[in-house]
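Chemist: here's a sequence, model it:
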Amino acid sequence: MTRQETERDYQIDYARLTPTIVSPGKFEGEPIFAPYFWQIALEGFADSDNGKVFTFRLKLNGQDKDNPFHAELKKWLGRKTSLKLCEDDQGFVRCF
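Modeler: Predicted coordinates for the structure are as follows:
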């Protein structure tokens, strides 16, 4: 899923520190980059998958500048170096 598709398919609140999806559904309340990472995780491209949690190890020091959500990831992650996603019992995706 590209950035343009995310912005087309979901209502985004850009007033928050990290733009957040506010349209109802699977990604409601999550950062703008959640659908992008969820899709590539389901395609088998997560760095780790334990059957419940997908993990991506990110290097935002310039190596991942081609990521369409580089700026938002940098703000959201802070000093962390990994992004984790899981689907809860109600079918919502959560980033942590």
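Chemist: got the contact list for the residue nearest to Trp76 when sequence neighbours are not counted?
Modeler: Distances taken as CB to CB, 6 or more residues apart in numbering place Thr18 nearest to Trp76, at 4.4 Å, with adjacent residues excluded. No exception for glycine: its C-beta is placed from N, CA and C like everyone else's. Each residue near Thr18 by CB atoms under 8 Å, 6 or more residues apart in numbering is listed here: Pro31, Ile32, Glu72, Lys75, Trp76.
Chemist: the fourth one falls within a helix, correct?
Modeler: This points to Lys75. Yes - counting by DSSP: H, G, I helix; E, B strand; the rest coil, one finds Lys75 located in a helix.
Chemist: was I right to think it contacts Thr20?
Modeler: No - contact between Lys75 and Thr20 fails when scored by CB atoms under 8 Å: they sit 11.7 Å apart.
Chemist: the two: who's more crowded?
Modeler: Neighbours around Lys75 and Thr20, counted as other CB atoms under 10 Å, are more numerous at Thr20. The numbers are 21 against 13.
Chemist: buried ones in the helix or strand hosting Phe37?
Modeler: Taking DSSP states H and E as the criterion, the element that holds Phe37 is helix 34-42. By neighbour count with 16 or more other CB atoms under 10 Å, helix 34-42 contains the buried residues Ala34, Pro35, Tyr36, Phe37, Trp38, Ala41.
Chemist: let's have these in a markdown table, adding distance to Lys84.
Modeler: Converted to a markdown table, these look like this (distance: CB to CB, whole Å):
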| residue | distance to Lys84 |
| --- | --- |
| Ala34 | 11 |
| Pro35 | 15 |
| Tyr36 | 15 |
| Phe37 | 10 |
| Trp38 | 11 |
| Ala41 | 10 |
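Chemist: out of the residues you listed, who's nearest Lys80?
Modeler: The shortest distance between Lys80 and any of the buried residues of helix 34-42, using CB to CB, involves Phe37 and amounts to 14.0 Å.
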